[in-house]
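K.L.:
No letters, just coordinates:
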């Protein structure tokens, strides 16, 4: 089995793990990682350690994501890694919710690339997860777009697609895509999903509403559609999310 440091003869330059980690050490909103062919961490930056409540790199190195993050929030990235290692297919800008210790759910865009030798063997994974916390000044947002966003946040059932949001904003789909990418780092579809799931997450944490009531309030057609979308974005079902949050608050 090849390692990161003995692949030069296959046409793949050796990977200096320490140098790459150092490159991302000052990026507080980016959790950077390198994993081996079994999906175990071999390089992590400080932001990743803080995200999981770990004290030092030794707490993560040699371990799988599910071994440092309990429940489905550890299971889902481990399953992602297994698919990438098996297929060699990357994961690009995947919008997902992750759990920052002790009990703070945050949105991230995750990218994972397979490290592939010239002979096609997948040697590991390199990637990062970027927090979606882009500060935006009000004057940077066109007035009609800002009004459309406010309308959407208060009427989640009335905007179903990027086309609806573009129409409400009185701009083209192309301009909408440029705006959401520049201002929020998201595609229009990702922004709509994030807004719906964020509202649903708050209701799950702060209200006693039933799952079906939250589904309707958050703009989903029915509870099944809500559960599918919520699980795709967070890795857990709405009921599991509520139970997990309650467990952290006790």
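P.N.:
Sure thing, it's come through. Quick caveat: nothing in here was measured; it's all calculated off a predicted structure.
K.L.:
Please name the nearest non-neighbouring residue to residue 86.
P.N.:
Spatially, and ignoring its direct neighbours in sequence, residue 86 is nearest to residue 122 (7.8 Å; C-beta to C-beta, 6 or more residues apart in numbering). All C-beta atoms are positioned from the backbone trio N, CA, C, and that covers glycine.
K.L.:
what residues are up against that neighbour?
P.N.:
37, 84-86, 88, 114-116 (C-beta atoms under 8 Å, 6 or more residues apart in numbering).
K.L.:
can you rerun that using 6 Å?
P.N.:
In this structure, residue 122 makes contact with 85, 88, 114, 116, judged by C-beta atoms under 6 Å, 6 or more residues apart in numbering.
K.L.:
how about low-confidence regions in the protein?
P.N.:
Applying pLDDT under 70 to the chain flags residues 1-15, 72, 99-105, 133-141, 245-250.
K.L.:
can you pull out the helices in it?
P.N.:
Assigned by DSSP state H, the chain shows helices spanning 17-23, 46-51, 65-68, 72-87, 143-154, 162-169, 173-184, 188-206, 211-217, 223-234, 238-249.
K.L.:
Among those helices, which comes closest to residue 109?
P.N.:
Comparing these against residue 109 with C-beta to C-beta, the closest turns out to be helix 188-206 (7.9 Å).
K.L.:
Relative to the whole chain's centre, how far out is that closest one?
P.N.:
The gap between where helix 188-206 is centred and where its chain is centred comes out at 13 Å by C-alpha atoms, centre = their mean, to the nearest Å.
K.L.:
What's the end-to-end length of stretch 146-163?
P.N.:
16 Å (C-alpha to C-alpha, to the nearest Å).
K.L.:
Show me what counts as buried in that stretch.
P.N.:
Residues of stretch 146-163 classed as buried under the neighbour-count rule (16 or more other C-beta atoms under 10 Å) are 148-149, 152, 156, 159, 162.
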